[in-house]
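Predicted coordinates and the sequence they were generated for:
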Number of protein chains: 2
Amino acid sequence: MTQFTENGQRFTLTSPTLLPNSASYLWNEKMMLHMNCQGYAVAQYMDPEPRKYAHVPNLAATSFMQPEQPYFAHHPGRFFYVRDEDTGELFSAPFAPIKQPLDSYEFKPGINDIQWVVKHRDIELTITLSLSPTHALEQWSVTISNLGVSTRNVSLVPYFPVGYMSWMNMGAHFDDELNAIVCTSISPYQKLEDYPEIKERQDMTFFACSHTPDHVEMSIEAFEGQSGLHAPHALVSGNPLSDREAHYQMPACAAQYELSLEPQKTDSVHFLFGPAKDKSQIQETIAGHFDKGAIANKHQLATQPILSVSTPDANLDHVINHWLPRQVAYHGETNRLTTDPQTRNYLQDGMGMAYLAPDVAKQVIVTSLSQQKRCGEMPDGILLTPEATLKYINQIPHTDHSVWLVLILESYLNETNDWALLEEAIPWADSEERSTLLEHMNLAMQSMVEARDERGLPYILQGDWCDPMNMVGPKGKGVSGWLTQALCFALRRWNQISKPLNQAKWTAQFDQIATELEQACQKHFWTGGWFARGITDDDVTFGVPEDKEGRIFLNTQSWALLADIASPSQQTQLLSSVDEQLLTPYGVMLCAPAFTAMREDVGRVTQKWPGSGENGSVYNHAAAFYAAGLYHIGESERAYHILKSMLADPQCETFERRGQLPTYIPNYYRGAYHQFPDTAGRSSHLFNTGTSAWYYRLVIEELFGLKGTQQGLKIAPNLPVEWDKAAVSRHFRGAIVNLSYQRHDDVQEITILCEDGDVVDGELRSPEQGKTYSVTVLLPIETHTHDE
Amino acid sequence: MTQFTENGQRFTLTSPTLLPNSASYLWNEKMMLHMNCQGYAVAQYMDPEPRKYAHVPNLAATSFMQPEQPYFAHHPGRFFYVRDEDTGELFSAPFAPIKQPLDSYEFKPGINDIQWVVKHRDIELTITLSLSPTHALEQWSVTISNLGVSTRNVSLVPYFPVGYMSWMNMGAHFDDELNAIVCTSISPYQKLEDYPEIKERQDMTFFACSHTPDHVEMSIEAFEGQSGLHAPHALVSGNPLSDREAHYQMPACAAQYELSLEPQKTDSVHFLFGPAKDKSQIQETIAGHFDKGAIANKHQLATQPILSVSTPDANLDHVINHWLPRQVAYHGETNRLTTDPQTRNYLQDGMGMAYLAPDVAKQVIVTSLSQQKRCGEMPDGILLTPEATLKYINQIPHTDHSVWLVLILESYLNETNDWALLEEAIPWADSEERSTLLEHMNLAMQSMVEARDERGLPYILQGDWCDPMNMVGPKGKGVSGWLTQALCFALRRWNQISKPLNQAKWTAQFDQIATELEQACQKHFWTGGWFARGITDDDVTFGVPEDKEGRIFLNTQSWALLADIASPSQQTQLLSSVDEQLLTPYGVMLCAPAFTAMREDVGRVTQKWPGSGENGSVYNHAAAFYAAGLYHIGESERAYHILKSMLADPQCETFERRGQLPTYIPNYYRGAYHQFPDTAGRSSHLFNTGTSAWYYRLVIEELFGLKGTQQGLKIAPNLPVEWDKAAVSRHFRGAIVNLSYQRHDDVQEITILCEDGDVVDGELRSPEQGKTYSVTVLLPIETHTHDE
């Protein structure tokens, strides 16, 4: 596909119609903005719970960020109309709402901003969006140029609809002192006890201008008239905007700049757009963000990638060097804009930070464990503010949270070697005591160990990780095949980590339980071709060959590999089952066939559309664990194929429209490939996913094989056979390790050469802080998998 | 204004652009449909709580019907596109989404249906909407005619968007067997205990066709493409619709009929649109509603008006004879589509039914009182189904519910003379006992009497009737000026009703309390020019001359008149205060000046936009009580003026656009006349309001002066001076009373002549069931008010 060009750390999309749902995102500690290439936007900020300051034109429900966000004419957006005052001709940038063919169009998402360059009839607009470093605030700069040879009289009219704010006091006015359109509303309340919180909310939305507009329009109704945003009355009429206030009409911010642009001349104007509590706060915000009529500062990515690579795959380099660590940082810094992240999300997002900002990962571990009960049980969600409460899914009992503790701890220790953390005294949620992290972890494991039935299988209760069933075990009898494996895996990894420090009784016990779990898994879940997914309250085993839908699940195959449960012959069989039933041109599906109707006997599937969400989609988070399992058994070629499929095309609408703008990994691509081939491959366009942390870990520790150990840095790459070389710079414990990977005729196995340091048993021993190491890694011409 | 013509019981609007928000409504016992003249629609049905089967294109919040419903391109609607297959020309009927100028347009709301007749380029469409007599189901008939002289090849394409149904299993397919587009979804649930209710929901929406369409389109995305509903890709492209299923896309029902219409030929097609649980239910519904390819039956208004009038004001006649009793029946039959109506709404909506269907009113009285506590206290809402719970505002403590018991009982007894009801044994909510209705009522009164402070003033707690404050007395100290009067009124009226039957101790006690209340009202609330509104928990009296906002409230003036509290000089003063501060060209405002900000010291005003809702609007329900107060003191000219202002223009957008399509009384017109003159006069376009019952009662009992008594029918009209005559037919206790009102030179006072029956003291005594009476009422040339 040729519509993408690369420019520094930006990707460029040159047509808004080929991939109309293409998007990028920006965030700072207060907010997140999902910005579509056509001009549509979804913004959320913390107040203290997630809220919006620009809305659809009706009373909307509160929900998590939804995948496959539908756009429609009145979806919130940031639009810039240009009207030629001599001809009356009108166009809109970036593209919506008019969506007319433009002479040229570029959408250029960057790491710290988003840019468009649009040319039409000799007028060029360069539009740049960044966020405030400190506030929930969008910063917009628009440069308009006359590329022609005669003077052009144009009106530039940014149009930022604010929509249905509230049924209380909704309106808008222009404040001369602020040079801003101020949209007012009051959050409604009915219950007395809600008022103290409600009254503190930032119920205003403002649009501040660097230069005083000639005219403004302040309601959607007045701007649009009866005709629609593709031909808004206020602009089609040819008159100036009305300057009329909005009185209990849906507010909009439209500002008209009447410009007379001489040939080759340029003009610029800047805007701030965001929520506020009152006028004085707006005043302060403007003062802090405009500097001599321009944007003072922008939010910059705070963390630095620890890996910089150069491989034969330039797109992959770009993803690994820029976009992937950015997505990891987004998760780690924002916690997906919630005050009560699900425990497993919080721990995995934190795991990614072990690489970028280990202190953050440490804090995640400590915060989580300090909300653990003295009996060892972990809560369903972690409360991040004193006012936070467990909401939505966090009120539904799950049993797997502690599995993820082991994974983040492992990453953290790999990166930092900070074994002192295990001795740190950490409080409990329900006790005055403090205990060492070691004890917290032992009890977390023990608590999972105890939650098993007479067969030794872990209860599943009302939910499990990332599969479409949610009521397999509400009666307290149903068990999870996945958790049987995951608990086995967690215990074995925990023993690996803790053995040198832990009491022998714990290690021995966990070791024995792991063996029991392995045996129980073999006994109850092996179907002959793959591992089944679970057994319901009513003793129905599912994810088995007899099932018409949900016959095979990826997770019980991936974790059978990770937990060393699958025998070599089982490995072969399950890989072939996955290839046959789950692998598609778009990646590997979570389960198949996708459920097309509620199946009550296996737990009332959540019934997302077959192929979407967790119901048979190419669910990237699960795919990443499959890749991890494949690396674990030495199937590195397959693993690499899975990794590549995950970023094949996060922006695609349908497979035919696939391109390459992999600025993030979406949480899924549509699956149900054999059932609904027409829609298979569609991207969710949602970048909230535990995938990013796992992907980063796999790239660092498996693909380039650069995992930390107690002794130093283990170097054990799994480069794909088609790569003849790669160069990598790895920041590790304060040192910089520059590696040159080369295929070489003369070596039969991986050979590591280093003049600056000791390499023993494939490990660069004790790299020194501040020091730079040059390492040459020679690889045999054809790398074989371990099993071959 | 000339854009309206009257045709039988229909009004006709001849341009969709002059009054674009004009609407009518239909209902049956399962559903309600608010249908806008342009084609937009809001439909709700009971499942068992109110739900929608056609949605906006995003996850919407649940709310009560909102006033001033905003329409936008993707608002749910029922649209009919016509494409000329020879020229490619496209238009849409009724008007949206294309909104092109049409050759002719008529919107003709009827009592039992809604019709449009649209002509464009020699194609005429007659579109008729009715509801099923029994189901939550829309019935559409479209007749298309070729008015020209040559054969026309056209595609008729109804487009019914279904929108965001759910994030679970959303899709659509064409079912050949049903000849219907079936849109599927599953209501999401997270909590185990929600599932049994959720799984019974009618999660499908279907669009059944009387004739098999040539092609269909089943998603908004596919229909619209990138271009928008004003130029949908599927139709602009010139191709047939794609017949492609919707897979986790927002469903839409578009059906293409390729017609070859000879000159002067006509074709018809019919559709059913509504919710369903499963295919078999759809099948049954279709079988029951299509009869030989046409609509089998439609829902008809079940009740008959009891009053038919002919006055010099034809518009008013039409309202009184058709649209007003229809609005009364809507409220009484649907209870505003809730399972837990607010007690005061339920009682007032029931009061209207005392005239149309007294058995319903009786049932309302009995149902309400059987949910009363043994201590006399009434609940905040009445539960209408076994599963119903008190929600939203019904969880907020109010203190005035029992006032409204007296009003409905009075109406019921006036109409029926059914005094046996007072002796009927009725259960209690919290006791095994039953007690007579008389005792229930005594205790209801007593319970209000007890809820007073040391000054004898009734506590207000967290709310009061129809004013913008909602937290005047949460600490249990604040008191209500209005309720002081309303309780006085209720006690006095209750004594009037119950005196012959009641124990003397009750009568004497209530009489004394009423006097105390009158004195307390005078002492604490008379400001010198009008009555104040209340006193807060912190002892701040509000609704007083010193207040900058909320200085004067209508309710404490109206009820001072109704309760006989205001002395003659106070009457004069308060009428002049109302005229000066509350009266506007659009009617009388609820309070003034409207609150523009939260005023915490008077109870945290609810802060609707100043002039809207209860915050300073021309709130018709309150205006009706003012009219009642005016009639009570003989100010019939003023009262008539108020009544007329209430139906001045329920359809108007702004005053400049006022017309006459009074098919219902809206709950308010925008007020804040002195503060925001630009928007004053706008209609809420919401027909849910206790106004209708009161308006009907005032017209019957006051304007035409035909109130039932124990002896018969009291005849004491208050015709406006400009009427020289009027003819009225009144159904009363099984008799028909035909009255001819005439101004006559020779009479100095109202003179009643009747050859068929006894008229004593202005009462037609004991009219006999089945008999018709002819009465002549002679009126002096100029009627003076009682006080003059």
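Cool, got the structure.

got the contact list for whatever residue of the stretch 401-550 of chain A ends up closest to chain B?
Of the stretch 401-550 of chain A, the residue with the smallest distance to chain B, taken as CB to the nearest CB, is residue A:474 at 5.0 Å. (C-beta placed from N, C-alpha, C; glycine too.) Residues touching residue A:474, when contacts are defined by CB atoms under 8 Å, 6 or more residues apart in numbering or on different chains, comprise A:461, A:462, A:537, B:192.

okay, who's weakest in the residues you listed by pLDDT?
For the contacts of residue A:474, the model is least confident at residue B:192; its pLDDT is 84.

any idea how far residue A:474 is from that residue?
5 Å (CB to CB, to the nearest Å).

and for those two, which residues touch both?
Residues touching both residue B:192 and residue A:474 comprise residue A:462, with contact defined as CB under 8 Å, 6+ apart.

Mind checking what helix or strand follows the helix or strand of chain A with the lowest mean pLDDT in sequence?
Among the helical and strand segments of chain A, the one scoring lowest on mean pLDDT, DSSP states H and E is strand A:4-7, with a mean of 61. Using DSSP states H and E, the helix or strand that follows strand A:4-7 towards the C-terminus is strand A:10-13.

Now do the same for residue A:368: its pLDDT.
What the model reports for residue A:368 is a pLDDT of 98.

my bad, residue A:190
For residue A:190, pLDDT reads 79.

Isn't it up against residue B:391?
No. Taking CB atoms under 8 Å as the contact criterion, residue A:190 and residue B:391 are not neighbours in contact, 10.1 Å apart.

And the residue most central in space within chain A, how far from residue A:460?
Among the residues of chain A, the smallest C-alpha distance to the mean C-alpha position (CA atoms, centre = their mean) belongs to residue A:688, namely 2.9 Å. Taking CB to CB as the measure, residue A:688 and residue A:460 are separated by 24 Å.

With residue A:358 instead?
Between residue A:358 and residue A:460 the computed distance is 33 Å (CB to CB).

before we move on, what about residue A:46?
33 Å.

Please apply the same query to residue A:408.
Separation of residue A:408 from residue A:460 (CB to CB): 23 Å.

Neighbour count for residue A:358 and residue A:460, which is higher?
Applying other CB atoms under 10 Å in any protein chain shown to residue A:358 and residue A:460 shows that residue A:460 carries more neighbours, namely 34 against 18.

Quick check: that one touching residue A:470?
No. Using CB under 8 Å, residue A:460 is not in contact with residue A:470, being 9.8 Å away.

Summarise which helices and strands the biggest helix by length in chain A is packed against.
Assignment by DSSP state H gives helix A:504-525 as the longest helix of chain A. Helices and strands touching helix A:504-525, by 3 or more CB pairs under 8 Å, 6 or more residues apart in numbering or on different chains; DSSP states H and E, are helix A:437-450, helix A:481-498.

what about 6 Å?
Applying 3 or more CB pairs under 6 Å, 6 or more residues apart in numbering or on different chains; DSSP states H and E, we find helix A:504-525 packed against helix A:481-498.

what's the helix it packs on in contact with?
Contacting residues not belonging to helix A:481-498 are listed as A:400, A:403, A:406, A:445, A:448, A:457-458, A:507, A:510-511, A:513-514, A:517-518, A:521, A:525, A:531-534, A:555-556, A:559-560, A:562-563, A:565 [CB atoms under 6 Å, 6 or more residues apart in numbering or on different chains].

list the buried ones in that helix?
Using 16 or more other CB atoms under 10 Å in any protein chain shown as the test for burial, helix A:481-498 gives A:481-495, A:497-498.

Can you check what angle separates that helix from helix A:504-525?
Between the direction of helix A:481-498 and that of helix A:504-525, the angle (axes from the mean of the first three to the mean of the last three CA atoms, to 10 degrees) works out to 160 degrees.

Extract the CA atoms of helix A:481-498 and return them as PDB.
C-alpha atoms of helix A:481-498 as PDB (Å, rounded to 0.1, in the frame of the first residue of the first chain):
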ATOM      1  CA  GLY A 481      -9.300 -24.900  32.700                       C
ATOM      2  CA  TRP A 482      -7.300 -21.800  32.000                       C
ATOM      3  CA  LEU A 483      -6.900 -20.900  35.600                       C
ATOM      4  CA  THR A 484      -5.800 -24.500  36.400                       C
ATOM      5  CA  GLN A 485      -2.900 -23.800  34.000                       C
ATOM      6  CA  ALA A 486      -2.400 -20.200  35.000                       C
ATOM      7  CA  LEU A 487      -2.100 -21.100  38.600                       C
ATOM      8  CA  CYS A 488       0.300 -23.900  37.800                       C
ATOM      9  CA  PHE A 489       2.300 -21.400  35.800                       C
ATOM     10  CA  ALA A 490       2.200 -18.700  38.500                       C
ATOM     11  CA  LEU A 491       3.300 -21.200  41.200                       C
ATOM     12  CA  ARG A 492       6.200 -22.400  39.100                       C
ATOM     13  CA  ARG A 493       7.300 -18.900  38.200                       C
ATOM     14  CA  TRP A 494       6.900 -17.700  41.800                       C
ATOM     15  CA  ASN A 495       9.000 -20.600  43.000                       C
ATOM     16  CA  GLN A 496      11.700 -19.700  40.400                       C
ATOM     17  CA  ILE A 497      11.700 -16.200  41.700                       C
ATOM     18  CA  SER A 498      11.400 -16.800  45.400                       C
END
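
Okay, angle between that helix and helix A:437-450 too, please.
Orientation of helix A:481-498 against helix A:437-450 (the same axes, to 10 degrees) gives an angle of 150 degrees.

So what's the gap between helix A:481-498 and the chain middle?
Centroid displacement of helix A:481-498 relative to its chain, using CA atoms, centre = their mean, to the nearest Å, is 26 Å.

Equivalent analysis for stretch A:15-33, please.
12 Å.

One more: stretch A:288-307?
On the basis of CA atoms, centre = their mean, the separation between the geometric centre of stretch A:288-307 and that of its chain is 21 Å.

Make sure residue A:98 is actually in contact with residue A:231.
No. Counting by CB atoms under 6 Å, residue A:98 does not reach residue A:231; the two are 7.6 Å apart.
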